[in-house]
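Novice: what follows is a predicted structure for the sequence shown.
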Amino acid sequence: MFRVLNSAARIGNVVLRSAAIVLALVMMFFAGYAVLDSFYLEQMAFSSWDLIQYRPVDESGHLSPEAFDELLKINPDVVGWITIYDTNIDYPIVQGPDDLYYVNRDIYGDSTLSGSVYLQSVNSPDFSDQFNLLYGHHFDNGAMFGDVVNFKDPDYFEEHQYGELITRDGIYYLKFFVCIETDAYDSNIYGVTQLDGQAQADEFTASPRKLVFYPSSNPVKGAAAGSDQADVVLPDGMDHDQLLALSTCDDAESDGRTVIIADVGEGEASRGAAATPSTGEIRPGEGRWAVLNLITMILTLCCLVPFVIRFVSGKERKRALVGTLLTLIVCTASVLLFFLTENMRYPATLRDFWTPFMIFIFASALLITSLTDRRKEKEA
């Protein structure tokens, strides 16, 4: 009886180890693919040199009609170019027949998850409306409109207030004055093309929207940074005759949106401090920590348990030494990666840029543990 049970237990152990090895290999393949796919996708989301060379300005910084014509040859839906100085936002703007057409299409018309920066379909393509709205995807590394969410940080806002909008009619300079957290159903932002002066400004900052920040250089009466009061008076010296808004998704909630709004002005006086677009350096997600990364780190540390049990029981210390050292190295890598890239004082998100790396490390620890146990089983 005991012999039968012992044989069944051995068969069960072999099955479990084999399943663990297969699972580890599948996880490593998946994580490797996810890393490469994420890197390719997020790199492609930045404006490549092939595209940047068509930015419709000449060497002196003036509008180049010839360059704009070249953009139109690439795609007749191009209506402008948006640049926010010293950020990764430096893209051509397209406008489709509806607000979904360019969600997953690039400027060349090819399918891509990064999509394009596009003007909402109800706006005039010449940006003659009082309120013009641009959409762009949010990438944690700052690609597309990923940098828009950084405007929720007052220091970042202070340093990135200026940009420019290039159209066929000329170059218009932008000065951002407010960042708002809202949702995708905000009827006072989405679908809006005309404004009503201060009344519209009050609508921008009224509850349930959250007024995140006004730059301190433009003091606001009746509201401090982070306030959601409705009786907000916009900074003096801004007539708000024409505004441009940039909208992107917010990781905190599925329908959440972060919107920054700028005054649109003409002439060098509106340009602000001289600055340049960024070159698209990959950065990990900021302001969130990933729950899945924490779970993966804990599972990786669990792979040390069998080796700890053997050392405590005094069994196979020498034979387990190699497996223990390898697993310990992998666990150390997991812990270091987590604490160097995650800050649990921030709000939580399910996953981030580093999740595939954490999965790969866990799969490596699981594979080492399974192979080490299997070899010892044969030697026994």
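Specialist: Good, I have the coordinates. Residues are numbered from 1 along each chain as shown.
Novice: for the residue lying closest to residue 89 once chain neighbours are set aside, what are its contacts?
Specialist: In space, and not counting its chain neighbours, residue 89 is closest to residue 147: 5.7 Å by CB to CB, 6 or more residues apart in numbering. C-beta: built from backbone N, CA, C; applies to glycine. Listed by CB atoms under 8 Å, 6 or more residues apart in numbering, the contact set of residue 147 reads 84, 87-89, 160.
Novice: could you identify the least confident member of these?
Specialist: Within those, residue 88 has the lowest pLDDT, namely 84.
Novice: isn't there a strand covering that one?
Specialist: No: with DSSP: H, G, I helix; E, B strand; the rest coil as the criterion, residue 88 is located in coil rather than a strand.
Novice: residues near the spatially closest residue to it that is not a sequence neighbour, how many?
Specialist: Excluding the flanking residues, the one nearest residue 88 by CB to CB, 6+ apart is residue 142, at 4.3 Å. When neighbours are defined as other CB atoms under 10 Å, residue 142 has 25 of them.
Novice: could you measure residue 142 against residue 98, distance?
Specialist: Look at residue 142 and residue 98: by CB to CB, to the nearest Å, they are 27 Å apart.
Novice: which parts of stretch 18-32 are buried?
Specialist: Using 16 or more other CB atoms under 10 Å as the burial criterion, the residues of stretch 18-32 that qualify are 20-21, 24, 27-28, 31.
Novice: send the alpha carbons of that stretch over as CSV?
Specialist: Written as CSV, here are the backbone C-alpha positions of stretch 18-32 (Å, rounded to 0.1, in the frame of the first residue of the first chain):
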residue,chain,number,x,y,z
SER,A,18,7.1,19.2,-15.6
ALA,A,19,4.2,21.6,-15.4
ALA,A,20,6.2,24.1,-13.6
ILE,A,21,9.0,24.0,-16.2
VAL,A,22,6.5,24.3,-19.0
LEU,A,23,4.8,27.2,-17.2
ALA,A,24,8.1,28.9,-16.6
LEU,A,25,9.1,28.6,-20.3
VAL,A,26,5.8,30.0,-21.4
MET,A,27,6.0,32.9,-19.0
MET,A,28,9.6,33.7,-20.2
PHE,A,29,8.5,33.6,-23.8
PHE,A,30,5.5,35.8,-23.0
ALA,A,31,7.5,38.3,-21.0
GLY,A,32,10.2,38.5,-23.6
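Novice: what's the mean pLDDT across it?
Specialist: For stretch 18-32, mean pLDDT is 72.
Novice: where along the stretch 51-200 of the chain do the strands fall?
Specialist: In the stretch 51-200 of the chain, the strands defined using DSSP state E, counting those that start in this stretch lie at 78-84, 90-94, 117-119, 131-135, 162-167, 170-183.
Novice: residue 245 is nearest to which of these?
Specialist: Closest to residue 245 of these, according to CB to CB: strand 131-135, at 4.8 Å.
Novice: measure the closest residue to residue 148 other than its chain neighbours to residue 151 for me?
Specialist: If you skip the residues right next to it in sequence, residue 148 has residue 248 as its closest partner in space, 4.5 Å away by CB to CB, 6+ apart. Note on residue 248: its distance to residue 151, by CB to CB, is 10 Å.
Novice: which residues are common contacts for those two?
Specialist: What both residue 248 and residue 151 touch, as defined by CB under 8 Å, 6+ apart, is the set residue 258.
Novice: so residue 323 touches residue 372, yeah?
Specialist: Yes: using CB atoms under 8 Å, residue 323 makes contact with residue 372 at a distance of 3.3 Å.
Novice: so which of these two has more stuff around it?
Specialist: residue 323 (23 against 20).
Novice: which element is the more buried one on?
Specialist: Assessed by DSSP states H and E, residue 323 sits inside helix 317-341.
Novice: in that helix, which residues are buried?
Specialist: Going by neighbour count (16+ other CB under 10 Å), the buried part of helix 317-341 is 320, 323-324, 326-327, 330-331, 333-334, 337-338, 341.
Novice: so what does that helix touch, helix or strand wise?
Specialist: helix 291-302, helix 305-313, helix 355-379 (3 or more CB pairs under 8 Å, 6 or more residues apart in numbering; DSSP states H and E).
Novice: would JSON lines of those helices with distance to residue 134 be doable?
Specialist: Shown next, in JSON lines, are the helices and strands packed on helix 317-341 (distance: least, CB to CB, whole Å):
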{"stretch": "helix 291-302", "distance to residue 134": "31"}
{"stretch": "helix 305-313", "distance to residue 134": "52"}
{"stretch": "helix 355-379", "distance to residue 134": "29"}
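Novice: so where's the protein shaky on pLDDT?
Specialist: 1-17, 32-50, 141, 196-240, 251-254, 267-288, 312-320, 373-380 (pLDDT under 70).
Novice: per-domain residue ranges of it.
Specialist: Residue ranges for each domain of the chain read 2-41+286-379, 50-270, as given by automatic domain parsing.
Novice: now, of those, which is deepest in the fold?
Specialist: Ranked by mean neighbour count, the domains of the chain are led by domain 50-270 with a mean of 18 (mean count of other CB atoms under 10 Å).
Novice: residue contacts, the closest residue to residue 129 other than its chain neighbours?
Specialist: Nearest residue to residue 129, sequence neighbours excluded (CB to CB, 6+ apart): residue 193, at 4.2 Å. Residue 193 makes contact with 122-124, 129-132, according to CB under 8 Å, 6+ apart.
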